[in-house]
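In: just to be clear, the model below is a prediction. Sequence and coordinates:
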Amino acid sequence: MSSNDKMVFSYRSYPDDNQRDLENVVSYNFESDFYTNADAFTVVVEDVDASQLLLKLGLGSKMIITLNNHPQMVGYVDDIGVSKKRGSGTKVVITGRDLLGQAAQGHVLPNMGTNDATNFHFSESDTFETAFKRIFNNFQPKTQIQFSKNDDRFSLQLKTGGLVGVRKKLQRGSVENKEKYSKQTRSFSDTLKHILQPNPGDTFLVYANKLAKCLGCNIKTTLDQNLNEIINIGPPCYDRTIASAYNVFHTNDPKLSKQNTIIDAKLKFSIKDQYTAVIGQLTGGIAGYKKVSNKVIGINEITGLIGAYEDQNGNRKILPNLDIVLKELTTNKGYSTLENNEGLLAVLDNLPVTIDAAYSRPLWHESYSAHESQELSMEVREMLEMQQSKFFDCEYLLKGHTYGDNNLVWVPNQMCKVYDSILSPAGNPLNTNLWIEKVNLTRTREDGPMTNIKLNLPYLSIADVS
């Protein structure tokens with residue numbers, strides 16, 4: 001990691017349209033979060049002629065951000081603030097977001113039908129790829145769309161309803177095995193029309209995210225070699241079959257101390273926001289909480305299953321108190337239970353923390369958006385994923401913006417091998433692969449360039465690809 005990493009903010013000046021670098025930059029923050037579509041930046045300059053800068057840098061101006069001469073982002077200026085204290089120079093604070101930040105504020109026209117006789121944006125035979133291109137081309141003509149990992153889910157027709165999961169058949173304790181994934185397509189049959197058109201008030205990004213959720217994907221922006229913006233649609237990638245490109249060591253071990261690059265570190269485990277199960281019901285069922293049909297049950301692998309309770313085949317048993325609740329609310333007909341996420345269970349087995357939650361905390365969820373049980377299954381799985389993402393919180397503050405001899409820039413949606421014997425209990429270090437969820441590249445006058453990485457458990461999503 002280099003403390004000499006240099007980030008440059010360049011803008012297209014008005015009215016000559018020349019590219020100029022911001023001068024006298026004293027601090028900045030560049031944030032990229034996998035779960036937040038738009039990347040964002042804040043840059044502060046001081047001791048400048050603010051009046052001249054404001055004449056050249058306009059609201060909405062394109063801002064090109066490079067790190068060590070490699071483009072990282074094309075953003076658009078949202079805000080420009082000017083301040084001055086007595087006895088000090090003028091300070092200008094500039095903030096902005098990338099292309100998806102703009103797509104989050106423009107509304108899809110509600111009456112763009114596929115023909116004169118319908119209000120639907122798409123027909124059931126359209127593919128997901130066609131749908132994404134049409135949505136974003138209405139936002140900005142000739143927008144490039146890219147699908148990560150050459151995944152074949154984007155060639156699916158909308159009438160299939162999407163891909164519920166890409167699940168790897170893992171054995172407990174063998175997170176790194178290389179068995180193939182099994183893909184599960186789900187059809188919504190005749191109930192799909194609600195996703196063929198936007199709701200009133202849907203923005204371009206909101207509507208696109210609805211379709212992306214059907215595929216287990218998120219939407220981000222990337223760049224090509226010519227700085228053209230590309231909207232990238234893809235799932236979290238846990239790279240099970242290759243070694244992690246990044247490593248973090250946090251230890252007092254003299255053999256590894258030279259690799260200890262941590263300035264600050266935080267580690268937290270929490271079951272505060274963890275329900276033991278999500279019990280989802282369609283609104284078409286009989287009212288009430290009793291033994292109603294049309295249910296989907298998702299057991300939380302973190303708090304709803306106990307390792308000590310296993311049958312003779314080694315399968316985990318449901319928490320006894322939770323089992324009682326489920327029997328009170330369900331029959332053996334008209335409902336389904338989601339499969340356990342074995343990849344996540346294998347990771348939990350290797351964490352330096354004990355989970356002993358013997359109480360039952362089910363979440364009852366009545367869906368007003370799902371139209372049939374397969375769609376409800378996706379909704380319940382997503383709710384579990386969002387809950388489980390709050391169980392583990394690990395952050396490291398590092399010097400510089402790059403890692404290793406190849407000067408890899410820290411970015412989200414990558415795996416990182418972590419060895420931490422300082423925050424973890426003695427004799428039981430945190431020693432596992434974690435997933436980079438969020439990255440902040442910052443610089444202050446006092447500390448120079450630094451990177452804060454937020455790590456989470458891998459395999460939270462069952463819709464990942466390798």
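Out: Arrived safely, thanks for sending.
In: domain assignment for this structure?
Out: 7-97, 128-234, 246-270+391-456, 277-388 (automatic domain parsing).
In: ends of the second one, how far apart?
Out: For domain 128-234, the separation between the terminal residues is 12 Å (Cα to Cα, to the nearest Å).
In: same question for it, mean pLDDT?
Out: Here domain 128-234 scores 72 as its mean pLDDT.
In: just the third one next, same as before
Out: Model confidence over domain 246-270+391-456 averages 89 on the pLDDT scale.
In: cool, and the first one?
Out: Here the mean pLDDT over domain 7-97 is 89, rounded to a whole number.
In: then stretch 325-340?
Out: 72.
In: what about the residue of the chain most remote from its centre, which SS state?
Out: The centre of the chain is farthest from one residue, Gly87, which by Cα atoms, centre = their mean lies 44.4 Å away. Classification of Gly87 using DSSP: H, G, I helix; E, B strand; the rest coil returns coil.
In: which residues touch it?
Out: Residues counted as contacts of Gly87 (Cβ atoms under 8 Å, 6 or more residues apart in numbering): none. To be clear about C-beta, it is placed using only N, CA and C from the backbone, and glycine gets the same treatment.
In: could you dump the domains of the chain to TSV with distance to Phe122?
Out: Converted to TSV, the domains of the chain look like this (distance: least, Cβ to Cβ, whole Å):
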stretch	distance to Phe122
domain 7-97	21
domain 128-234	5
domain 246-270+391-456	28
domain 277-388	16
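In: among those, which comes closest to Ala103?
Out: Nearest of these to Ala103, taken as Cβ to Cβ: domain 128-234 at 4.4 Å.
In: in the stretch 201-350 of the chain, which spans are helices?
Out: Counting by DSSP state H, counting those that start in this stretch, the stretch 201-350 of the chain has helices at residues 204-214, 320-329, 342-349.
In: any chance of CSV for those, columns distance to Asn406 and mean neighbour count?
Out: Output for the helices of the stretch 201-350 of the chain, formatted as CSV (distance: least, Cβ to Cβ, whole Å; neighbours: other Cβ atoms under 10 Å):
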stretch, distance to Asn406, mean neighbour count
helix 204-214, 31, 20
helix 320-329, 48, 16
helix 342-349, 27, 20
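In: kindly reformat the ones you listed as CSV containing distance to Gln102.
Out: Shown next, in CSV, are the helices of the stretch 201-350 of the chain (distance: least, Cβ to Cβ, whole Å):
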stretch, distance to Gln102
helix 204-214, 9
helix 320-329, 45
helix 342-349, 35
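In: of all these, which one is nearest Asn440?
Out: Using Cβ to Cβ, those put helix 204-214 closest to Asn440, at 22.0 Å.
In: can you pull the buried residues of the helix or strand where Glu375 lies?
Out: Assigned by DSSP states H and E, Glu375 belongs to helix 373-388. Within helix 373-388, the residues that count as buried by 16 or more other Cβ atoms under 10 Å are 373-385, 387-388.
In: what is it packed up against?
Out: Judged by 3 or more Cβ pairs under 8 Å, 6 or more residues apart in numbering; DSSP states H and E, helix 373-388 is in contact with strand 163-168, helix 204-214, strand 277-282, strand 295-299, strand 362-367.
In: can you lay out those as a markdown table showing distance to Gly81?
Out: As requested, the helices and strands packed on helix 373-388 are arranged in a markdown table below (distance: least, Cβ to Cβ, whole Å):
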| stretch | distance to Gly81 |
| --- | --- |
| strand 163-168 | 44 |
| helix 204-214 | 26 |
| strand 277-282 | 43 |
| strand 295-299 | 45 |
| strand 362-367 | 42 |
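In: out of those, flag the one nearest Lys220.
Out: Among the helices and strands packed on helix 373-388, helix 204-214 sits nearest to Lys220 (Cβ to Cβ), with 10.5 Å.
In: re earlier: which one of the buried residues of helix 373-388 sits closest to Gln72?
Out: Of all the buried residues of helix 373-388, Gln72 sits closest to Glu385, with 27.9 Å by Cβ to Cβ.
In: you'd agree that closest one is up against Leu460?
Out: Yes. Using Cβ atoms under 8 Å, Glu385 is in contact with Leu460, at 5.1 Å.
In: count of residues packed around Phe128?
Out: Per other Cβ atoms under 10 Å, the neighbour tally for Phe128 reads 24.
In: next: Asp405.
Out: Residue crowding around Asp405 was assessed by other Cβ under 10 Å; the count is 6.
In: am I right that it sits in a strand?
Out: No. Counting by three-state DSSP, Asp405 is located in no strand; its state is coil.
In: now Ile262: how far from Glu379?
Out: Between Ile262 and Glu379 the computed distance is 39 Å (Cβ to Cβ, to the nearest Å).
In: if you could redo that for Asn226, that was the one I meant.
Out: Per Cβ to Cβ, Asn226 is found 40 Å from Glu379.
In: and the strands in the stretch 351-466 of the chain, which stretches?
Out: Applying DSSP state E, counting those that start in this stretch to the stretch 351-466 of the chain gives strands spanning 362-367, 392-399, 402-403, 408-409, 415-420, 430-444, 448-456.
In: for Ile453, what are its contacts?
Out: Val248, Glu395, Tyr396, Leu398, Trp410, Cys416, Ile436, Lys438, Val439.
In: okay, now the third one: neighbour count?
Out: Same thing as Tyr396. The number of residues packed around Tyr396, counting by other Cβ under 10 Å, is 23.
In: same check, this time on the fourth one
Out: Counted with other Cβ under 10 Å, the burial measure for Leu398 works out to 20 neighbours.
In: how about it: what's its closest non-neighbour residue?
Out: What sits nearest to Leu398 in space, not counting adjacent residues and going by Cβ to Cβ, 6 or more residues apart in numbering, is Thr451, at 4.8 Å.
In: my read: the one you found touches Val439, true?
Out: Yes. At 6.5 Å, Thr451 and Val439 qualify as touching, with contact defined as Cβ under 8 Å.
In: one step back: and the strands of the stretch 351-466 of the chain: which comes nearest Ile195?
Out: strand 362-367 (14.1 Å).
In: can you pull the buried residues of the closest one?
Out: Pro362, Leu363, His365, Ser367.
In: tell me what it is packed against?
Out: By 3+ Cβ pairs under 8 Å, 6+ apart, strand 362-367 packs against strand 277-282, helix 320-329, helix 373-388.
In: closest to Phe147 out of those?
Out: Closest to Phe147 of the helices and strands packed on strand 362-367 is helix 373-388 (Cβ to Cβ; 19.1 Å).
In: any idea of the angle that closest one forms with strand 277-282?
Out: Per axes from the mean of the first three to the mean of the last three Cα atoms, to 10 degrees, the angle that helix 373-388 makes with strand 277-282 is 150 degrees.
In: that older thread, average pLDDT for the helix holding Glu375?
Out: Per-region confidence: helix 373-388 scores 85 on mean pLDDT.
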